[in-house]
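Participant: can't give you the sequence, but here's the structure:
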């Protein structure tokens, strides 16, 4: 029996292969593949773009840090040029306030820098260097701010406050500069920053004086005259026309003019720039106050007087033989002396002083125990330093212009003086430097500034270092001008305005802040 196998349809469907996809899945797979492939191709440009942006952020942080450093330097150096030694505490306060504010600002920049995703190793290295520099600078600022007593008015102003900060800043600057070309950055420009914490202190340091002072300061040098309003700080300069200004040496005020000696005579320079200066040839100033002004000829003993225009007044006169003028006097009388024999080649001895009225035969005797210190005149009084040993004066004798002895004022505490007194124009006060021992280099000497009230005979000792010297009184007699004589503070192109003033009746000096070129020569 034979089986027959027939061909025909069956009910069961054939199985599909797992690799066969419908259209939707094929599209999805194609898109995914394209994205992956595109991502592989686009990833380097994307990270480069992000790294460029990160580099810009790092540079911006460093620009702001440098902006703070520059602002601190410019702000403090801007007031530093006119500071005097008395401004040290106030300047130290400004420095510490600004440094504390900058350190806080740098802390914020550190947090900002650490939050930057760098994307590239060179950006990461630059960020690390910037953060290290910010931390080093903040530490240096805080360390200096904790030592205000060590901050002086001539503190060297630099962007990096100490060596670690400077070294770290150099590394950061090098790293950031390396980013500039590689990541297409613009040129590095420090930002403009401002400090608010020290505004009040800085405003005080910018004023010409500690307190409002309605006075003018006249200063003179080879370039001419400078008039500084000590209330507003306004400065007016008057150049000299004279050709031999190197010999210009100020002698006195003469009305609204300043009188100085030059090699060829006397130079009278009006404060008003519109008025011409005038020279009086072959002359030497012999009076210290008032008008007219007395002069002597350099070639002989002839004495003559001139008005403010330089014109001669009256006739020349001759002093008695053996009488020498002291350079102290008014328009109507002069202080004279008769130097003892051997004055220049023998021991110093007392010399008598006289008040003489030029052109008359009379004279008024004053002290016969006057010393070698220059006397002073003001307010109708003559002040003579005197003493038992004339090398050093131990008291002041005060006379009126009739020759009457008004007062003898021993210098307190057994002190002595070798410098001339400075008498106020109203005669009320006399200032001078006193020493507790002879300043002859044989021992330790302490100096003080003292002020005598001529009406009461009382002395006031000024609370100031011994290197301050009285220069002159204001025309109203209320304010004494002083200058520091510490030569260690005076250096070329680095002279601070070492001036101060004292109110009559006070014991504390106050600062006068003027430009260095104005503080060198005083009237």
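Facilitator: Yes, it's here. Just so we're clear, the structure is a prediction, and the values are computed from it rather than from any experiment.
Participant: And the helices in the stretch 51-200 of the chain, which stretches?
Facilitator: Along the stretch 51-200 of the chain, the segments classed as helices by DSSP state H, counting those that start in this stretch run 88-114, 121-145, 163-182, 199-206.
Participant: other SSEs contacting the following helix or strand past the last one?
Facilitator: It refers to helix 199-206. Later in the chain than helix 199-206, the nearest helix or strand by DSSP states H and E is strand 216-221. Counting by 3 or more CB pairs under 8 Å, 6 or more residues apart in numbering; DSSP states H and E, the packing neighbours recorded for strand 216-221 are strand 224-229, strand 257-262, helix 516-519. All C-beta spots, glycine's among them, are computed from the backbone N, C-alpha and C.
Participant: I'd like those as TSV, with mean neighbour count and mean pLDDT appended.
Facilitator: Formatted as TSV, the helices and strands packed on strand 216-221 follow (neighbours: other CB atoms under 10 Å; pLDDT from 0 to 100):
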stretch	mean neighbour count	mean pLDDT
strand 224-229	20	85
strand 257-262	21	87
helix 516-519	19	64
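Participant: Dump those to CSV, plus distance to residue 156.
Facilitator: Shown next, in CSV, are the helices and strands packed on strand 216-221 (distance: least, CB to CB, whole Å):
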stretch, distance to residue 156
strand 224-229, 27
strand 257-262, 37
helix 516-519, 17
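Participant: closest to residue 167 out of the ones you listed?
Facilitator: When these are compared by CB to CB, helix 516-519 sits nearest residue 167, at 32.7 Å.
Participant: For residue 139, find the nearest of the helices and strands packed on strand 216-221.
Facilitator: helix 516-519 (33.7 Å).
Participant: buried stuff in stretch 176-189?
Facilitator: For stretch 176-189, the neighbour count (16 or more other CB atoms under 10 Å) marks 176, 179, 183, 185 as buried.
Participant: out of the helices and strands packed on strand 216-221, nearest to residue 102?
Facilitator: Each of those has some distance to residue 102 by CB to CB; the shortest is helix 516-519, at 27.3 Å.
Participant: Please tell me how far residue 404 sits from residue 366.
Facilitator: 10 Å (CB to CB, to the nearest Å).
Participant: Extract the residue ranges of the stretch 1-150 of the chain that are flagged as low pLDDT.
Facilitator: 1-44, 46 (pLDDT under 70).
Participant: how about 50 then?
Facilitator: Low-confidence segments of the stretch 1-150 of the chain (pLDDT under 50): 1-10, 18, 41-43.
Participant: can you list the buried residues of stretch 176-189 in TSV and add pLDDT and distance to residue 508?
Facilitator: Formatted as TSV, the buried residues of stretch 176-189 follow (pLDDT from 0 to 100; distance: CB to CB, whole Å):
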residue	pLDDT	distance to residue 508
176	94	50
179	92	56
183	87	59
185	89	55
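Participant: With neighbour numbers in mind, choose between residue 404 and residue 366.
Facilitator: residue 366 (23 against 10; other CB atoms under 10 Å).
Participant: pretty sure that one contacts residue 401?
Facilitator: No - the criterion here is CB atoms under 8 Å, and residue 366 misses it with residue 401 at 10.1 Å.
Participant: and the residue lying closest to residue 439 once chain neighbours are set aside, how far is that from residue 434?
Facilitator: Spatial nearest neighbour of residue 439, excluding adjacent residues (CB to CB, 6 or more residues apart in numbering): residue 445 at 4.7 Å. Using CB to CB, we find residue 445 at a distance of 10 Å from residue 434.
Participant: One more: residue 81?
Facilitator: 33 Å.
Participant: Same question for residue 404.
Facilitator: 26 Å.
Participant: Any idea what residue 408 is bridged to?
Facilitator: For residue 408, the beta-bridge partners are residue 397 (DSSP bridges).
Participant: Contacts only, for it.
Facilitator: 395-398 (CB atoms under 8 Å, 6 or more residues apart in numbering).
Participant: The same query, at a cut-off of 10 Å, please.
Facilitator: Residue 408 makes contacts with 367, 386, 395-398, 457, as judged by CB atoms under 10 Å, 6 or more residues apart in numbering.
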